[in-house]
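A.B. asks: just need the structure, nothing else, for what follows:
(2 chains)
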Amino acid sequence: MAVALAKKFNTVILSADSRQFYKETCIGTAKPSIEEQAGIKHYFIDSHSIHQPLTSAQFEKEALEILETEFENHNTIILVGGSGLFIDALCHGLDDVPHDENIKNQLNIEFETQGLSPLLDELMTKDPLFYAKVDLKNPVRIIRALEVIRIANKPFSSFHAFQSKKRPFEFQKFVIDLPREMLYERINKRVDIMLENGLLKEVEELLDWQNLPALNTVGYSELFDYFNGKITLEEAIELIKRNSRRYAKRQLTWFRRDEKAIWTQALTTENQLQEILSTLK
RNA sequence: GGUCUCGUGGCCGAGCGGUUAGGCAGCGGUCUGCAAAACCGUCUACAGCGGUUCGAAUCCGCUCGAGACCU
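C.D. replies: Below is the predicted model of the structure:
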């Protein structure tokens, strides 16, 4: 779809898929092959390494730079992909919130050794506002908030303006919404195809790096468990399918929040393309 | 033909007289630096009929169904 659109507009594509950035992961991320890219310039495919992962904030920055250059030669650019947070970072901007790897690691250690409770206490005293609205059972959110609090010595919530930043371009989002059964069928089949294409080998070669955050992802974690003898191959495959289905569902949930997004329910790429193009006219 | 065991929500699975067990799948949602991550909510079923009882998924009988064994 993205390639078809890019051809139509004679332009380039930016991927906003947070797993296709990495050159080490190909089969399991269903990255478009060179043939599939069909001569269209793709940014953020194989552009980074799992050893230096790209965060949403960095993505915002790097993507904006690319867009600035590319808009000199193109009126329309295609952004494609699945990572809602990254899409929002680029389209709406993230508030300028500090980040410190060491402090985060320290917090992770505290969480692993002492549990969430002390962290919750700290959060409650240092940022009661945020404490009142976060999901108190979600360690990731709690740790991030405390990371910021410890860096800046002020409440995490004080950094949030939640206002869309001005961008030197306009954008329109389209969501492809296939019937759930069809979606799931395609996901299941896609997993089988990945396996035929050598996913097992790809994952096996990444075993040394299995603890990297960038590999904490569907298609890899399950097979790491298999290689580590925790589950059978059959179980791993079923889990990959299930987790992919769940992820797809969460993507839909994410995009549903966006009132301006246009949804297409057409069943074929050709029809989806027609719908999108007619909306643009 | 006989004896025995068993029939719980889409699936698995506890309960064995008086709260919605639970898990998985599915569905819905949260989301501002690990996001294909992390997390939350939700589905009220006991094969059917009759009986005992204040009260039955839990006890009794019959019917239907599944399985094991015997002849």
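A.B. asks: in chain A, where's the longest helix?
C.D. replies: Across chain A, the longest stretch assigned as helix under DSSP state H is helix A:233-256.
A.B. asks: and the next helix or strand past that one?
C.D. replies: The helix or strand immediately downstream of helix A:233-256 is strand A:262-264, counting by DSSP states H and E.
A.B. asks: which other helices and strands contact that following strand?
C.D. replies: Applying 3 or more Cβ pairs under 8 Å, 6 or more residues apart in numbering; DSSP states H and E, one finds that strand A:262-264 contacts strand A:174-176, helix A:269-280. C-beta coordinates here come from the backbone N, C-alpha and C atoms, glycine included.
A.B. asks: now it: buried residues?
C.D. replies: A:Thr264 (16 or more other Cβ atoms under 10 Å).
A.B. asks: also stretch A:54-74?
C.D. replies: Counting neighbours by 16+ other Cβ under 10 Å, one finds that the buried residues in stretch A:54-74 are A:54, A:56-57, A:59-60, A:62-64, A:67.
A.B. asks: same check, this time on stretch A:13-21
C.D. replies: Applying a neighbour-count criterion of 16+ other Cβ under 10 Å, one finds A:13-21 buried in stretch A:13-21.
A.B. asks: near RNA strand B, which residues of the stretch 51-200 of chain A show up?
C.D. replies: Remark: the part of the stretch 51-200 of chain A in contact with RNA strand B comprises A:53, A:55-58, A:82-86, A:88, A:93-99, A:104, A:108, A:135, A:137-141, A:143-144, A:160-163, A:180, A:184, using Cβ under 7 Å from any atom of the strand.
A.B. asks: buried ones from those residues, can you make that a PyMOL selection?
C.D. replies: The following PyMOL command selects only the buried members of those, with burial defined by 16+ other Cβ under 10 Å:
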select buried, chain A and resi 56+57+82+83+84+86+88+93+94+97+104+139+143+144+184
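A.B. asks: let's have the helices and strands packed on strand A:262-264 in a markdown table, adding mean pLDDT.
C.D. replies: What follows is those, written out as a markdown table (pLDDT from 0 to 100):
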| stretch | mean pLDDT |
| --- | --- |
| strand A:174-176 | 96 |
| helix A:269-280 | 93 |
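A.B. asks: single out the most deeply packed of these.
C.D. replies: Neighbour counts averaged per stretch over the helices and strands packed on strand A:262-264 are highest for strand A:174-176, at a mean of 17; criterion: mean count of other Cβ atoms under 10 Å.
A.B. asks: one step back: quick one: residues in contact with the longest helix of chain A.
C.D. replies: Helix A:233-256 is contacted by residues A:82, A:84, A:173, A:175, A:177, A:183-184, A:187-188, A:190-191, A:195, A:218-219, A:222-223, A:225-226, A:231, A:261 when judged by Cβ atoms under 8 Å, 6 or more residues apart in numbering.
A.B. asks: before we move on, back to that, mark which of the buried residues of stretch A:13-21 are part of strands, please.
C.D. replies: A:13-15 (DSSP state E).
A.B. asks: relative to RNA strand B, which of those is nearest.
C.D. replies: Distances from RNA strand B to these, taken as Cβ to the nearest atom of the strand, are shortest for A:Ser15 (9.0 Å).
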